[in-house]
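> got a sequence here, can you build the structure:
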Amino acid sequence: MMNTTLSDLLTETNLANSSGNATDCASDVLMQQILEKFVPKSIFVDRYTTPILYVIGFPGNILSFIIWIQRRMRHSSGYYLAAIALSDLFFLALQIVYELQNAWFISLLDFPVLCEGYPVLFLTCQYLPPLLVFGFTVERYISVCHPFHRERYCTTRRAKIVITSLVVLSFSLSAIQAYFWTYDTKCKTCSPRRWTIETPFWTAWTWIVELLIFLLVPVLVLIFNILVILEVNHLSKVEKTQLHGNEHRTSATTIMLLSVSFYLIFTVLPVTVTVSLFTKFPQGDTTLSEAEMRSNPVWQRYFSYVFAKTIISEIGLTHFVCNFYIYLITGKQFRKELEKLVMSVLCSKLSAHRPSEYTTLFTSMRDSSAKAANAGNSVNGHTVIPVNKANNARNESETVVENTAGVTLL
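Purely as a prediction, here's the structure:
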């Protein structure tokens, strides 16, 4: 997560400032060498765990987005979940660049414009999902705890407005990063501007924003979830018989959304706490020899902290990966829509003429209308008689019989 990234950059900057022998240009290289030599298991976990998350996350987010934009799933909560899937998808794509830059030490961001623009996009995609989770958590709270206000606040139109506002808010909070970062033409690297290092503004801004997004928002989500759970239990006891059908439907949706909310809390808060402790584990003296570093208690505490932070950060990344599987486990309607989507794809592979809800429903309806309109055309050598013409012919036949009967009687 990016709060981990910023703390990494802050600590690397502190290393450059505290080391008398390390120049500004050599500090990053020195840090890479130290980590590769003394914390190889951390590098291994970072390099080979994240690709597994990509393999799981990309298909899941793509399928989630496709399903949540289907017509039957476009309720207000569905719009939030579709936005989360899309944001997670963009984040994972940007995370690949970050992973190559920081775990594999491949310089992809050391270019003008890209250096300044990447942090803005990366942070926007990272700030957005917790805010979206908070958005639908508040909506669920209103729907369950204040049902008389549901029609006013829990609408698709209001959901679109809130989502757009949250996107603007996330981008606004991240936009200043374009000024914090710059391409160093001397070192040919992407690094913070010198004034941001020498003044506390960058550190203060980073901590305020990230504590807001990754601490305050999850805590508020937890509070609203507790209120929702208490209200659901209360309704289950008081109106168990009268509202049995409606209660079951509301509870099923609520359970799915609560699962997403609690998973956010479970993955984000530990990362936030871990990052907040980085000042408690300072780096040691870089002038020490290799043998002295291995026995130095300051360096050993720092190396242990780096490894623990790597594990917790990888767990934190699953928040951008596992929502699809939460929907699959807790969402009955989501499973039905996924089944229809899979069957439509399979049917399109097996037979191009077989109607499918997602791909050929419109074509099927159009063909049916065309057949009704083109009455009288020949089908398999037989003439199809229009319904209205058949009725007219039958009426005329009956009239002739009646007239004939009248003549006979006369």
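> chain center to stretch 43-53, what's the gap?
With CA atoms, centre = their mean, to the nearest Å as the basis, stretch 43-53 stands 20 Å off its chain's centre.
> ok, stretch 55-62 next?
10 Å.
> what's the local residue count around Ile312?
19 (other CB atoms under 10 Å). Bear in mind the C-beta positions are built from the backbone N, C-alpha and C, glycine included.
> next one: Asp184
17.
> what do you get for Asp46?
For Asp46, the neighbour count with other CB under 10 Å is 21.
> what helix or strand is it on?
helix 40-68 (DSSP states H and E).
> how about that helix: buried residues?
Using 16 or more other CB atoms under 10 Å as the test for burial, helix 40-68 gives 42-43, 45-46, 49-50, 53-54, 56-58, 60-61, 63-68.
> kindly report the same for stretch 172-191.
Those would be 173-174, 176-178, 180-184, 189-191, for stretch 172-191 by 16+ other CB under 10 Å.
> CSV for those residues, including distance to Thr155 and pLDDT?
Converted to CSV, the buried residues of stretch 172-191 look like this (distance: CB to CB, whole Å; pLDDT from 0 to 100):
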residue, distance to Thr155, pLDDT
Leu173, 27, 96
Ser174, 29, 96
Ile176, 34, 94
Gln177, 34, 93
Ala178, 35, 95
Phe180, 39, 92
Trp181, 40, 93
Thr182, 44, 93
Tyr183, 46, 93
Asp184, 50, 88
Thr189, 49, 88
Cys190, 44, 90
Ser191, 47, 87
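> do you know how far Leu211 is from Trp181?
21 Å (CB to CB, to the nearest Å).
> what of Val228?
Distance from Val228 to Trp181, counting by CB to CB: 40 Å.
> again with Arg47
Arg47 is 24 Å from Trp181, by CB to CB.
> then Leu108?
Leu108 is 14 Å from Trp181, by CB to CB.
> ok, Leu131 next?
23 Å.
> got it, and Asn296?
Distance from Asn296 to Trp181, by CB to CB: 32 Å.
> over to Pro218?
Distance from Pro218 to Trp181, by CB to CB: 27 Å.
> do the same with Pro119
Pro119 is 6 Å from Trp181, by CB to CB.
> try Ser77
36 Å.
> ditto for Leu35
Per CB to CB, Leu35 is found 22 Å from Trp181.
> how about Gln101?
Counting by CB to CB, the gap from Gln101 to Trp181 is 13 Å.
> between these two, which contacts overlap?
Counting by CB atoms under 8 Å, 6 or more residues apart in numbering, Gln101 and Trp181 have no common neighbour.
> what is the neighbour count of Leu338?
18.
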